[in-house]
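Student: Fold the following for me, if possible:
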Amino acid sequence: MTFPQPTGPVMFSYDPAIGVIPKPSQSALRTLSEDPPYRASNDSEGLRVSWSANSDSSEKNRRRVLFLGDSYVYGSGVSDEATFASVFAKITGYRAINAGVPGTGNDFALKFLKVRARAYRPDTVVIGFFPNDYADNMGGRFFEHRPDGTLSDVDVAASFAFYRNKQKLGEYRLYNWFCENSHAFNLARKLAAWLKVSGGLGDVRAFLKNRPDMTLFERGFSNATNIEQAEQLFRIIRDEVRAIGAQLLVLYIPTPVEVLNFRQTKQASRDELALVETLRKLDIELISTTAPLAESGIDQAQLYLNEGHWNVEAHQIAGALLASRLTSN
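Tutor: Okay, the predicted model is just below:
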C-alpha cells in the first residue's frame, strides 16, 4: 500500500463544455510512481505544449494536426519536447495541437470534435487508441448509446461533479504542495477518489490490489458490447471529421504485453484485430505502432516506463511513423 505514488500539483481543471481538461497555463514537474520526473506544460486552453520546429511557411499556411486521446497522447511520463506530437512537429514543421487528456476514451475525442475542433481548423485529426479505450467508452460520461445507433448528450456537469466540486482545492498553495511532495497524501487522494466512484468501503480490498500491473492486460479489454460501442463512436467521429474538412487517422497504441507477444508470435492481439475490423468497415485508416515497436530492437524496458506508459524511445518511433505517413502524400 506504500508503493510510490504519482506526484505533482493538481493536474486537471473542470471545463463546463467538455468536462475535464489538463489545468490551463500550468508548467509542472511530475513523477509517475518509480519513474524519473518529467516537465508537463499546458497552454492557456489546457493543451499540452508541443515543441514545433521553425517552418519556412507562415503560421497561417502551416498544416495543423489535432491529436486526441488519453494519457499516451498527452504524453504522461515524458517531458514536453519528447511527446510523439512534439516529435512529429519537429520532423515535419507542422503545427501539432495536443488535446490529449489522461483517463479519457474515444467518447471524449468525439466530444472535443463536436465542441472545440473547428476553432483549431485541423487539416488532419489523429486519434490515439489504447486498448483500455474499449472499457473507458462504456463509462457514459459524455454520451448515452441508443439502440438505434445514435448518441444522446450526457450532462457533463453531473458526470464530472467530482472534479467540479473540488475545483477550488486546486487553487490552494498548501494543497498543491502536499500533492507535489507527499506519497502518503497522494495515496489518500487516490483512495478518496476510488471510494467516491466505487460507492463505499466494501471495495477497499479491490483498491489495495489495484496497483498498475501490465500482466493484467493479458486477457484484453474488448468484448462484443464494447466493440459495438466503439464502432458506433468511430462512425460518428468519422462523420464529424469529414464535416470539418479534415483527414482522419487512428493510431493504435499497444500495451507492453501486446508488444512482447508480437515479438514472440508476430501476431496482433485480439484487441488490435477487433479495432482493425471495426475501422475497415468504416473506411478509416489505422496506423499501428505494434510492429514498429516490437521490431525496433529496443529493449522493452526502454520502450515503456515502469509505470506502463511510453518512454521517450516509443514516442520517437510513433512520431516518426506519423511524420512519414503524413508527408508521403
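Student: Can you give me every residue that contacts R235?
Tutor: By C-beta atoms under 8 Å, 6 or more residues apart in numbering, the contact list for R235 reads 149, 282. (Glycine included, C-beta is placed from N, CA and C.)
Student: May I have the predicted confidence score for it?
Tutor: For R235, the pLDDT comes out at 97.
Student: Ok, K209 next?
Tutor: At K209, pLDDT is 48.
Student: quick one: low-confidence parts of this protein?
Tutor: 1-3, 52-61, 168-216, 329 (pLDDT under 70).
Student: What are the boundaries of the strands in it?
Tutor: Taking DSSP state E as the test, the strands found in the chain are 12-15, 19-22, 26-30, 38-42, 64-68, 95-98, 124-129, 143-145, 151-153, 247-252, 285-288.
Student: excluding its backbone neighbours, what's nearest the residue positioned nearest the centre of the chain?
Tutor: Note on the chain: the residue nearest the mean C-alpha position is D70, at 1.1 Å, using C-alpha atoms, centre = their mean. Spatial nearest neighbour of D70, chain neighbours left out: T104 (5.3 Å); criterion: C-beta to C-beta, 6 or more residues apart in numbering.
Student: Then D133?
Tutor: Leaving aside its chain neighbours, D133 sits nearest to G105 (4.4 Å; criterion: C-beta to C-beta, 6+ apart).
Student: Wait, W310 touches V78, no?
Tutor: Yes. Checked against C-beta atoms under 8 Å, the pair W310 and V78 is within contact range at 7.1 Å.
Student: Against V73, how distant is G100?
Tutor: G100 sits 3 Å away from V73, going by C-beta to C-beta, to the nearest Å.
Student: Give me the more crowded residue out of the two.
Tutor: Set side by side, G100 and V73 show more neighbours around V73, with 29 against 26, by other C-beta atoms under 10 Å.
Student: ok, now which ones touch the more buried one?
Tutor: The contact partners of V73, by C-beta under 8 Å, 6+ apart, come to 67, 84-85, 98, 100, 128, 253.
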